[in-house]
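Visitor: sequence first, then the predicted structure, then my questions.
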Amino acid sequence: MTDSKVAIVTGAAGGLGHATTIALLENGYRVGGFDVNHATLGPVAEEHPDSLSLELVDVTSAESIEAGVARVTERFGTPTTLVNIAGTNRIAPLTETTEEIWDLLIDLNLKGTFLCCRAVVPRMREAGQGRIVNLTSNMGLRPEAQQVGYASSKAGVVGLTRALALELAPDHIAVNAVAPVMTLTERVAGLPQWWKDLQLSKIPFGRYGTVEDTVNTVLFLLSEGGSFYTGQVLSPNGGDNMP
Ligand SMILES: NC(=O)c1ccc[n+]([C@@H]2O[C@H](COP(=O)([O-])OP(=O)(O)OC[C@H]3O[C@@H](n4cnc5c(N)ncnc54)[C@H](O)[C@@H]3O)[C@@H](O)[C@H]2O)c1
């Protein structure tokens, strides 16, 4: 792990966010967990009263993010780790992709990532270090039919990651992305069976990703061993998609 031990995790109460938050706490981080609903994190906060701060933050709102970052900074100190996980998906062919669906996916998945980076980076710069990990998706690299909105948003996260990595390298701030293959979090487990079967059929290892596959990749990027990585997209995908 880096010297810095204050992290912000967005989507902290969701499947991948919850597991990432716990992993960071177990690795000695103090964590500001951003989410619009913290229901699943209540017991974790009780176990870690001095190191987990549950922040009601809507990552589509710059104002909400800034207030959350300020509260975490005041309580724990400067956040020099940011893990952008908040995001969602919709399955819809182009003509059924309403503007509402498009706006939801772009605002939450892409703009939310941008806004959180923009809020935290000035503090990382002052601290002289930082690590940012953005959750994109294998779907942002190897798109699927009926994923116009999601694939666009997650390909956007890849572009954002690479551009920001170049911009922030002189400030010793690393920016990388993790692109998991389908992972059966509660949300994804509820998707139609035909969709899950289709994704599984494309994974040479013959299994879905696990939450641990993603969390371990995030932890690697935050570790000393990951310190020479920036602008990279690491994809735990069982062989689906070989760039
Ligand atoms: N599970 C997968 O198969 C998979 C694969 C590739 C990428 N991903 C990406 O990983 C991330 C997490 O996926 P997941 O399966 O854990 O989803 P999830 O739905 O379990 O978690 C998402 C979390 O984001 C929160 N959230 C929603 N809107 C928010 C907002 N406006 N502000 C703050 N928080 C908000 C939700 O409350 C939820 O807790 C997403 O970005 C997703 O695209 C997931």
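Guide: Perfect, thanks for sending it. Computed from a prediction, not measured in an experiment: that's the story for all the values here.
Visitor: any stretches of this structure with poor pLDDT?
Guide: Residues of the chain meeting the criterion pLDDT under 70: 1-4.
Visitor: biggest helix in this protein by residues?
Guide: Of all the elements of type helix in the chain, the one with the most residues (DSSP state H) is helix 148-168.
Visitor: does any bit of that helix sit next to the ligand?
Guide: No: contact of helix 148-168 with the ligand (Cβ under 6 Å from any ligand atom) is absent, the minimum separation being 6.6 Å. From N, CA and C alone the C-beta is placed, and that goes for glycine too.
Visitor: skipping adjacent residues, who's closest to the residue nearest to the spatial centre of the chain in space?
Guide: Nearest to the geometric centre of the chain sits I85, at 2.3 Å (Cα atoms, centre = their mean). Nearest non-adjacent residue to I85, counting by Cβ to Cβ, 6 or more residues apart in numbering: G11, 3.9 Å away.
Visitor: can you tell me how far the one you found sits from W194?
Guide: The gap separating G11 from W194 is 26 Å, by Cβ to Cβ, to the nearest Å.
Visitor: look at these two and report which has more neighbours.
Guide: Higher neighbour count among G11 and W194: G11, with 25 against 8, using other Cβ atoms under 10 Å.
Visitor: hmm, that one is touching H38, no?
Guide: No: with contact defined as Cβ atoms under 8 Å, G11 does not reach H38; the gap is 11.1 Å.
Visitor: show me where this structure has strands.
Guide: Under the criterion DSSP state E, the chain carries strands at the ranges 6-10, 30-35, 52-56, 81-84, 130-135, 173-178, 233-234.
Visitor: of all those strands, which one comes closest to F205?
Guide: Taking Cβ to Cβ, strand 233-234 is the member of these nearest to F205, at 16.0 Å.
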